[in-house]
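[1] 3D model of this:
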Amino acid sequence: MKLNYRAEIDGLRALAVTAVIFYHTQIDIYDEKYFKGGFIGVDVFLVISGYLITLLILKELQETGKFSFKIFYERRARRILPVLFVVMLISIPFAWQFLLPTDFIDFAKSILYSIGFTSNLYFHFTGLEYGAGDGFLKPFLHTWSLSVEEQFYIIFPLLILFIYKFFKKKLLTLLIIFLLISLIMAHITSGNSPSIGFYFLHTRMWELLAGSVLAYLEIKYKKRKNFNNQSINQILPPLGLALIIYSVIFFNNNTLHPSFYTLYPIIGTCLIIWFARKDEIITRLLSSKLFVSIGLISYSLYLWHYPVFAFFRYSLASGSLVTKILVILFIVLASVFTYFVIEKPFRQKKKVSLYFLVIFLFGIVINLFAINIFIINKNGFDKRYVFENINLDNGFYRKERLNFKKTGNDLKLPNNKRNNILIVGNSHGQDFFNLFHQNKDLFPEHNFFFLQTEISCLKNFFIDKTLCGNKKVSKDDLLIFKKSNTIILSSRLYPEDLEQIDKILFKLKETDKKIILTTAAPQFKTYGKFTHVDKFILSKKRLPNKIEIKILEKEYFYSQKNDKHNMKINNFLNSIAIKHNIKILNKTAYHCNFKMEKCNFLTNEGKKINFDRDHYTIAGAKYLGKLIYEKKWLNLN
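    From the prediction side, this is the model:
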């Protein structure tokens, strides 16, 4: 069953994949990021997929009265699998070359889940936030959308056939009802659990169903062909394109998505698909040779761009605009190659038989399974990046810190004979707590406790609400909060924290507790996943000597000193502390020496203090905690 070719659909694909690639390129022009909403390109793809798949199914049902699952899934396999598996296989040697051991393991697992079209579930349950810094270093994070589509392809034909057989007259009504239910779930879920909202099928299905509704109307009522109002046909496609472009420019990672806001690009896509006519300007633009050519290779472009950019970021190569353009050109060349050598031939039965397709896919899947299971069993070959006391794999330190976090905060009732200090914050608060917990013997007069929450969520301790999102304020948290004599707010501050902190301090001052602020933790320059000292070791293949350590200490100092973002936040915190007449402690003071203009990056035993830009290793926390004690930095008198 063939569909009538529509060149403007390929043009829409070109628009979608270009938006996604520019978003992931993270192009800065005069310190301003453009295409911040480029991730909506995936949403455009989903509408197109829903439209074309539903057209295919309904046309076959209408013309033959039956539906062949064999033909349907063979077409899907020919379209999706060969080039996907080839890109995965080619990526493995580069992953060996560039990825750190823990990331190499994650890479292997993500491929295995992608083969089973469940990578969206994998990335959700591993706690990965799409658009966050770490996400740009996951070579196959983008396969989450393929998993969503494939899950849809498994469920949707069965659903359509069931409704077509028993509720044929209600098909459109039911499609619209399912669409609305999914849209409402997406909006609610994205607010309460952004990861589920982003990655799961039930919150993405409405975008696919938007295309399905268009397909049903086209098949059933022939309304697209019969709707020939010249004025509307000329106005609505440009409006559709404007809605998509608006979303690409003005959406960002803070936009609730998918949600009611996502209706902008979805409606925009639907307007173009439905009202496109040959004599209309947007249709002519999208049907142009350039757009169609990009659209034809859009699937290969989508597959190649993410791993190439991930490996590029790992390579410590320059992130200049010229370099990024060269990387994009390489991605285009790789995509053209796989389109003509893999994609196009495998789609054609005359060139690649079903027998050869099955043998090819079976052989490559066996190899992918064997190689990636071997990588996992070998623990990512974890000795590759160890130099004496220094492990360049920050994942090692993350795991060490996570294991400590599970046991580090003793929730026994505070001992009232001591000063009970509650440290409140996110991962930076955890680090601050670790400084004292690792040196409990040096601070015998204090009990230290940690409450993990964003500062803005403290307002919930004064009203009967949840702590943050769907996490409840526990009885232990409330009791420790009540019993604490001193509360130290130590956190990475986000915009909402900065907005709320003034009101929260007013509330906290109404209690009889001593309130202390800390400045933001010093942030040191990093290179992808590598710290400054990591980069040195990678390039020299050895540890720095005493002279080089002194040079690096200077470089660490100036990297944090020139951090304008931290400087702005610290100035704000100082003004807040003055306003409320409360003590503020400068975190940089125990980490760096202002007179000598240096910052420590190694402990006395030669272990790393920071494993990334601003988080401490356990050894680093122990070392810095001793410095706090020696400098009498935490003077609570």
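
[2] For residue 498, give me its contacts.
    569, 572 (CB atoms under 8 Å, 6 or more residues apart in numbering). For every residue, glycine as well, the C-beta is placed using N, CA and C.

[3] secondary structure class for it?
    helix (DSSP: H, G, I helix; E, B strand; the rest coil).

[4] Let me see the ranges of the strands in the protein.
    28-29, 32-33, 386-387, 390-391, 419-425, 446-452, 486-489, 514-518, 583-585, 592-593, 598-599 (DSSP state E).

[5] would you list those strands in TSV and tack on mean pLDDT, distance to residue 366 and mean neighbour count?
    Listed next are those as TSV, based on pLDDT from 0 to 100; distance: least, CB to CB, whole Å; neighbours: other CB atoms under 10 Å:
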stretch	mean pLDDT	distance to residue 366	mean neighbour count
strand 28-29	63	43	10
strand 32-33	68	42	10
strand 386-387	89	32	14
strand 390-391	90	33	20
strand 419-425	90	48	24
strand 446-452	88	44	23
strand 486-489	93	55	22
strand 514-518	93	54	19
strand 583-585	92	58	16
strand 592-593	93	54	18
strand 598-599	95	51	22
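
[6] Using a markdown table, please lay out the ones you listed together with distance to residue 279.
    Below are those laid out as a markdown table (distance: least, CB to CB, whole Å):
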| stretch | distance to residue 279 |
| --- | --- |
| strand 28-29 | 36 |
| strand 32-33 | 38 |
| strand 386-387 | 66 |
| strand 390-391 | 64 |
| strand 419-425 | 61 |
| strand 446-452 | 60 |
| strand 486-489 | 63 |
| strand 514-518 | 65 |
| strand 583-585 | 67 |
| strand 592-593 | 67 |
| strand 598-599 | 66 |
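
[7] Quick check: which of those is nearest to residue 312?
    Each of those has some distance to residue 312 by CB to CB; the shortest is strand 28-29, at 15.3 Å.

[8] for the chain, which helix is longest?
    helix 69-98 (DSSP state H).

[9] tally of neighbours for residue 507?
    Residue 507 has 13 neighbouring residues, counting by other CB atoms under 10 Å.

[10] nearest residue to it other than its sequence neighbours?
    Leaving aside its sequence neighbours, residue 507 sits nearest to residue 462 (CB to CB, 6 or more residues apart in numbering; 5.2 Å).

[11] Verify the stated contact: the one you found with residue 509.
    No: counting by CB atoms under 8 Å, residue 509 is not a contact partner of residue 462; they are 11.9 Å apart.

[12] Please enumerate the shared neighbours of those two.
    Joint contacts of residue 462 and residue 509 (CB under 8 Å, 6+ apart) do not exist.

[13] Next, find the distance separating the residue nearest to residue 69 when sequence neighbours are not counted from residue 56.
    Among residues not flanking residue 69 along the chain, residue 157 sits closest, at 6.8 Å (CB to CB, 6+ apart). Counting by CB to CB, to the nearest Å, the gap between residue 157 and residue 56 amounts to 10 Å.

[14] Report how many residues lie close to the closest residue to residue 186 other than its chain neighbours.
    Among residues not flanking residue 186 along the chain, residue 203 sits closest, at 3.9 Å (CB to CB, 6+ apart). Residue 203 has 25 neighbouring residues, counting by other CB under 10 Å.

[15] Might one say that residue 104 is in contact with residue 97?
    No: with contact defined as CB under 8 Å, residue 104 does not count as touching residue 97 (10.1 Å).

[16] ok, those two, which is more surrounded?
    The neighbour count for residue 104 versus residue 97, taken as other CB under 10 Å, is higher for residue 104 (26 against 10).

[17] what stretches of the stretch 451-600 of the chain score poorly on pLDDT?
    463-472 (pLDDT under 70).

[18] got the residue ranges for the helices in it?
    Here the stretch 451-600 of the chain has its helices, by DSSP state H, counting those that start in this stretch, at 475-483, 495-509, 532-540, 546-561, 564-580, 588-591.

[19] Of all these, which one is nearest residue 72?
    Going by CB to CB, the one of those nearest residue 72 is helix 495-509, 46.7 Å.

[20] so what's the spatially closest residue to residue 451 that is not a sequence neighbour up against?
    Leaving aside its chain neighbours, residue 451 sits nearest to residue 424 (4.8 Å; criterion: CB to CB, 6+ apart). Going by CB under 8 Å, 6+ apart, residue 424 touches 450-451, 453, 455, 458, 487-491.

[21] try 7 Å this time
    Residues in contact with residue 424 (CB atoms under 7 Å, 6 or more residues apart in numbering) are 451, 453, 455, 458, 487, 489, 491.

[22] just for this protein, where's the confidence low?
    1-2, 28-32, 128-133, 223-229, 316-319, 404-417, 463-472, 636-637.

[23] what do you get if the cut-off is 80, keeping everything else the same?
    Across the chain, residues meeting the criterion (pLDDT under 80) sit at 1-4, 26-34, 127-136, 221-231, 233, 315-321, 401-418, 459-477, 528, 635-637.

[24] Need the nearest residue in space to residue 204, chain neighbours excluded.
    residue 148 (5.1 Å).

[25] Now do the contacts for the one you found.
    So residue 148 contacts 120, 201, 204 (CB under 7 Å, 6+ apart).

[26] Of all the strands of the chain, which one comes closest to residue 400?
    That would be strand 390-391 among those, by CB to CB, at 9.5 Å.

[27] Pairing partners for that closest one, with directions?
    Strand 390-391 has the following sheet partners, assigned by DSSP bridges: strand 386-387 (antiparallel).

[28] Other residues contacting the partner strand?
    Identification of contacts with strand 386-387 by CB under 7 Å, 6+ apart yields 537, 543.

[29] burial count for residue 548?
    For residue 548, using other CB under 10 Å, the count is 14.

[30] show me the residues around the closest residue to residue 393 other than its chain neighbours that make contact.
    Distance criterion CB to CB, 6+ apart; nearest residue to residue 393, sequence neighbours excluded, is residue 100 at 4.2 Å. By CB under 7 Å, 6+ apart, the residues touching residue 100 are 385, 392-393, 395, 529.

[31] tell me the phi and psi of residue 100?
    The phi and psi torsions at residue 100 (degrees, to the nearest 10) take the values phi -70, psi 160.

[32] quick one: it from residue 26, how far?
    21 Å.

[33] now residue 400
    Counting by CB to CB - residue 400 and residue 26 are separated by 30 Å.
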